[in-house]
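Undergrad: Turn this into a model:
(one chain, ligands or ions: 2)
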Amino acid sequence: MSIERIGVVGGGAWGTALAQVAAAGGRETLLWAREPAVVESINAERLNRLFLPAVPLSSAVRATGELAALADCDAVLVVTPAQHMRAVLAALPDTTAPLILCSKGIEEASGRLLHDVAHEVRPQAPVAVLSGPTFAHEVAAGLPTAVTLAVADPALGATLRDRLAVPAFRIYLSDDVAGAEIGGAVKNVLAIACGVVEGRGLGQNARAALIGRGFAEMTRFGLALGARPETLTGLSGLGDLVLTCSSTSSRNYSLGVGLGQGRPAAELMADRRTVAEGAFTAPVLKRLAEAHGIDMPIVAAVEALLAGSASVDQVLEALLSRPPRSEHA
Ligand SMILES: NC(=O)c1ccc[n+]([C@@H]2O[C@H](COP(=O)([O-])OP(=O)(O)OC[C@H]3O[C@@H](n4cnc5c(N)ncnc54)[C@H](O)[C@@H]3O)[C@@H](O)[C@H]2O)c1
Ligand SMILES: O=P(O)(O)OC[C@H](O)CO
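TA: Ligands and ions are numbered 1, 2, ... in the order given. Okay, the predicted model is just below:
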C-alpha cells in the first residue's frame with residue numbers, strides 16, 4: 001500500500017500542525033477547515049490566522065472547505081474536537097482510506113472511545129490513533145516531539161509511520177488502540193485539576209501529588225477498559241500527563257487555573273474559540289468510572305467544579321479528608 005496524498009480533517013491548531021508535518025519534503029497535503037477564514041488565510045498567506053497564527057506554513061499545505069475534496073486521499077488524519085467527530089466522519093466522502101484519529105476525548109452522549117465511534121460510522125476504513133505529548137505550536141515549528149501511533153495491523157502501522165515520521169517527529173508504533181486513546185482523554189481532565197492547584201496557590205508538592213494520584217486513576221480506568229500498563233506509562237499516557245499538567249500552554253491547564261482563581265466555569269467556557277477537551281470528557285469519564293465501579297476522586301472533583309456543584313475549597317476538603325489507604329490499592 002502506498003500512501004502519498006494525506007488529507008487532514010480539522011483546521012484547528014493541531015490539524016494545522018499535523019498538516020505541516022505531512023507536507024514535509026514538499027508533499028501535497030489537503031487540509032479541510034470548517035471556517036472559510038481559515039481556508040482563505042492558509043491558501044492566500046500560508047498562515048492559519050485563527051488557530052495557529054505564529055507559524056508560517058509550507059506551500060505544500062493546501063486548504064479546502066469541501067470535505068468531498070478529500071475523496072482521493074490515501075490516508076486521512078481526523079483532528080476535530082471529540083464531540084464533533086461522529087458528525088464529521090459521517091460527512092466524509094465514501095472512502096476506505098485509513099483514518100488516523102488525532103483528537104483526545106470520549107464521546108459524551110454515547111460514552112464511547114473515538115475509535116469505536118469511527119468503526120461504527122466508517123466500518124470499511126482501517127482506524128489508527130495518534131497520541132502523545134504534543135503542543136501544536138512546537139510541532140508546527142519543527143521542535144523535537146515523539147508520539148504513539150496505535151493500530152491493530154502492524155503492516156499498516158509501519159506504512160503510516162514511514163509516510164508521516166520526520167526526524168523531529170518520532171513515531172513509536174503500538175497495537176494498543178484503546179490504551180493510546182484512554183491516556184490522551186484522561187490526562188486532559190487531570191490537567192484541569194493541576195491548573196486549579198496553580199490558580200488556588202496550593203504549591204508544587206500538591207501539583208506533583210495530583211500527577212501521581214491522577215496517574216493512579218488513569219491506570220485503574222485504563223486497565224479496567226483493557227489498556228496495557230506499558231501504554232499507560234508511555235508517551236500517550238504518563239508522557240502526555242506530565243506535559244499537560246505543567247504548562248500554561250495547555251488549554252486544559254489554563255482552564256483549571258481560572259477555576260482555581262474562583263472564576264465560574266460558564267464564564268471561562270463562554271466565547272472560547274479553542275477547545276479544552278477535558279471540560280467535555282470530565283462528565284462522561286465520571287459516569288463511566290461510576291458504571292465500572294472505579295474510584296476516580298480527582299476526576300469527580302473536576303466534574304463538580306465544572307458543573308458548579310462544589311467550590312474549590314469544598315473539593316479540596318473532600319479530597320484531603322478521604323480515609324487513608326494503601327498507595328497501590
Ligand atoms: N492543540 C494541540 O496542541 C493539540 C495536540 C494534540 C491533540 N489535540 C486534540 O486535537 C483536537 C482538535 O484540537 P485543536 O487544538 O486542533 O483545536 P483548536 O482549539 O485549535 O480549534 C478548535 C477546532 O474546533 C473546530 N470546531 C468547532 N466547532 C466545530 C463543529 N461543529 N464541527 C467540527 N469542528 C468544529 C474548529 O473548526 C477548530 O478546528 C482536540 O481533540 C485536541 O484535544 C490538540
Ligand atoms: O492544550 P491542551 O490542554 O489541549 O493540550 C494539548 C495536547 O493534548 C498536549 O499533548
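Undergrad: Strands along the stretch 1-150 of the chain, start to end?
TA: With strands called from DSSP state E, counting those that start in this stretch, the stretch 1-150 of the chain shows them at 6-9, 29-32, 61-64, 75-78, 99-101, 127-131, 145-151.
Undergrad: Reformat these as JSON lines; add mean pLDDT and distance to Leu202.
TA: C-beta here means a position set from N, CA and C on the backbone, and glycine is covered the same way. As requested, the strands of the stretch 1-150 of the chain are arranged in JSON lines below (pLDDT from 0 to 100; distance: least, CB to CB, whole Å):
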{"stretch": "strand 6-9", "mean pLDDT": "98", "distance to Leu202": "39"}
{"stretch": "strand 29-32", "mean pLDDT": "98", "distance to Leu202": "41"}
{"stretch": "strand 61-64", "mean pLDDT": "98", "distance to Leu202": "42"}
{"stretch": "strand 75-78", "mean pLDDT": "98", "distance to Leu202": "37"}
{"stretch": "strand 99-101", "mean pLDDT": "98", "distance to Leu202": "35"}
{"stretch": "strand 127-131", "mean pLDDT": "98", "distance to Leu202": "29"}
{"stretch": "strand 145-151", "mean pLDDT": "98", "distance to Leu202": "30"}
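Undergrad: Rebuild these as JSON lines, extending it with mean neighbour count and distance to Ser110.
TA: Formatted as JSON lines, those follow (neighbours: other CB atoms under 10 Å; distance: least, CB to CB, whole Å):
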{"stretch": "strand 6-9", "mean neighbour count": "28", "distance to Ser110": "20"}
{"stretch": "strand 29-32", "mean neighbour count": "26", "distance to Ser110": "24"}
{"stretch": "strand 61-64", "mean neighbour count": "20", "distance to Ser110": "29"}
{"stretch": "strand 75-78", "mean neighbour count": "26", "distance to Ser110": "17"}
{"stretch": "strand 99-101", "mean neighbour count": "26", "distance to Ser110": "15"}
{"stretch": "strand 127-131", "mean neighbour count": "27", "distance to Ser110": "16"}
{"stretch": "strand 145-151", "mean neighbour count": "24", "distance to Ser110": "21"}
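Undergrad: and of those, who's closest to ligand 1?
TA: strand 127-131 (7.4 Å; CB to the nearest ligand atom).
Undergrad: now that closest one, how far from the centre of its chain.
TA: Relative to the centre of its chain, strand 127-131 is centred 11 Å away, using CA atoms, centre = their mean, to the nearest Å.
Undergrad: got the contact list for Ala289?
TA: Residues in contact with Ala289 (CB atoms under 8 Å, 6 or more residues apart in numbering) are Phe221, Asp295, Met296, Val299, Ala300.
Undergrad: Do any residues in whichever strand or helix holds it lie close to ligand 2?
TA: If you go by DSSP states H and E, Ala289 is part of helix 278-292. No. Counting by CB under 6 Å from any ligand atom, ligand 2 is not contacted by helix 278-292; separation bottoms out at 7.0 Å.
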